[in-house]
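**Q** sequence plus the predicted model coming up.
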Amino acid sequence: MKALGIVNIHKDSIEGLGDYRPLAATSFLGRYRLVDFVLSNMANSGIDVIQVYIKEKPRSIVEHIGSGRHYNINSKRGRIMLLGDERRLPSEAYNTDINSFDEHMQFIDRVNVPYVIIAPCNYIYMLNYDEVLAAHIESEADVTMVYKSVDTAKEKFLGCDTINLNTKKTVVSMEPNRGNYAKRNISLETYVMSKEVFKDLVKKARETSMFYTLSDIISESLDTLDVQGYPYKGYAACVNSFDSYYSTSMELKQRDMMKTLMSEKWPIYTRTNDSAPVKYGENATVKDSCISNGCVIKGTVINSVLGRNVVVGENAVLKNCIVMADTVIGNDIEMDYVIADKFVTVTKKNCIKGTAEEPVYICKYDKV
């Protein structure tokens, strides 16, 4: 494919969960990380060279992606590059995606392809970027933006960019979704453009404001650039808050919903783990849940997501919970609307209950 894939992970982390990892490395549906979805889209679309830009807390994302071989990248000519910021910045406000692109422009120049495809780590969707690139080339636009028309913008995609289009599908304005209207065109923050246009936008952003993002400079350039919208029809979700992380996880744990994101021809790749199959005790009960390999279930699990190697003790009852890897839930524990991070042990507090609007969060390594 004649495009460089750029994964933009310069996104604010989720409160609580982000204390230990960047948003891209956040566990999702037990076995995946959020970054797996965009990387799988790129790999399945035939993009051989991918650059992943890391904002902070690199350890977990570097450990997860590694050499990138598990994403089925062409081993002879393809590769995934992990690029972290090295400049000493005066404050966090300078730490934008534009700063990263500018700092690593030499690595972008070295990839001998004419186009770039830029996509975020926190939007979950299934899309063939090769088709978007073909539409971009045919339209002769300067920039093509992928968007989804929704009628749920009052409850979902809050804080995301929305776009307004004219009759020719040209983007005429952009503004954040403040939840005032149900029907909106949500930008999936996925852009296709030539490398030269990309470089010009990065340069213009640096000259305009040191705090500008790529979205900012595209929005400001709508009068001078031909920016076309590309409609996406499938399932899409944005994980940009604690609430959206929980609600999206609960939505996608359903088998029929998950099938909208993957198939035999479009797998979601992730780092493999040779865990044993799930072991169910004689009195175990599991309903409407997503259970990962290595778990030992002796109690009851309902409407929940369990990561690898989770232990649920005798007479324990988990409802509406997200429990991450290597966590132990002891005997006779009752949990409802709880998100437990990795390596948590719950043995002393017999009853922990939150609500759908405010799930209880238990920090990594904590004992409760």
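**A** Yes, it's here. Residues are numbered from 1 along each chain as shown.

**Q** quick one, what contacts the closest residue to Val346 other than its chain neighbours?
**A** Leaving aside its sequence neighbours, Val346 sits nearest to Val368 (CB to CB, 6 or more residues apart in numbering; 4.6 Å). C-beta: built from backbone N, CA, C; applies to glycine. Val368 makes contacts with 344-349, 352, 362, as judged by CB atoms under 8 Å, 6 or more residues apart in numbering.

**Q** ends of stretch 2-18, how far apart?
**A** Terminal residues of stretch 2-18 are spaced 35 Å apart (CA to CA, to the nearest Å).

**Q** mind listing what's buried in that stretch?
**A** For stretch 2-18, the neighbour count (16 or more other CB atoms under 10 Å) marks 3-11, 13-14, 17-18 as buried.

**Q** reformat those as CSV; add secondary structure and pLDDT.
**A** Putting the buried residues of stretch 2-18 into CSV (DSSP: H, G, I helix; E, B strand; the rest coil; pLDDT from 0 to 100) gives the following:
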residue, secondary structure, pLDDT
Ala3, strand, 95
Leu4, strand, 96
Gly5, strand, 97
Ile6, strand, 96
Val7, strand, 95
Asn8, strand, 88
Ile9, coil, 79
His10, coil, 72
Lys11, coil, 67
Ser13, coil, 70
Ile14, coil, 78
Leu17, helix, 82
Gly18, helix, 77
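
**Q** of those residues, which is the nearest to Asp216?
**A** The shortest approach to Asp216 among these belongs to His10, at 12.3 Å (CB to CB).

**Q** wait, isn't that closest one in contact with Phe101?
**A** No - His10 is beyond contact range of Phe101, at 9.6 Å (criterion: CB atoms under 8 Å).

**Q** and for those two, which residues touch both?
**A** Listed as contacting both His10 and Phe101 by CB under 8 Å, 6+ apart are Tyr53.

**Q** return the helix or strand in the chain with minimum mean pLDDT.
**A** Within the chain, no helix or strand scores below helix 255-258, which has a mean of 85 by mean pLDDT, DSSP states H and E.

**Q** what sits up against it?
**A** Residues outside helix 255-258 that contact it (CB under 8 Å, 6+ apart) are 29, 235, 251-252.

**Q** can I get the buried part of the residues you listed as one ChimeraX selection?
**A** Buried subset of the contacts of helix 255-258, written as a ChimeraX selection, criterion 16+ other CB under 10 Å:
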select :29,235,252
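
**Q** list the buried residues of the helix or strand where Asp102 lies.
**A** Asp102 belongs to helix 97-103 when assigned by DSSP states H and E. For helix 97-103, a neighbour-count test (16+ other CB under 10 Å) marks 97-102 as buried.

**Q** gap between the helix or strand encompassing Tyr147 and the chain center?
**A** Secondary structure assignment for Tyr147, by DSSP H and E: strand 143-150. Remark: strand 143-150 is offset 17 Å from the chain centroid, using CA atoms, centre = their mean, to the nearest Å.

**Q** and the contacts of it?
**A** Here strand 143-150 makes contact (CB under 8 Å, 6+ apart) with 125, 127, 132, 135-136, 156-157, 163, 171, 183-188, 190-193, 197, 218, 225-233, 236.

**Q** in strands, which of those appear?
**A** Among the contacts of strand 143-150, DSSP state E puts 125, 163, 171, 184-188, 190-193, 227-231, 236 in strands.

**Q** pull out the buried residues from these.
**A** By neighbour count, with 16+ other CB under 10 Å, these hold 125, 163, 171, 184-188, 190-193, 227-230, 236 as buried.
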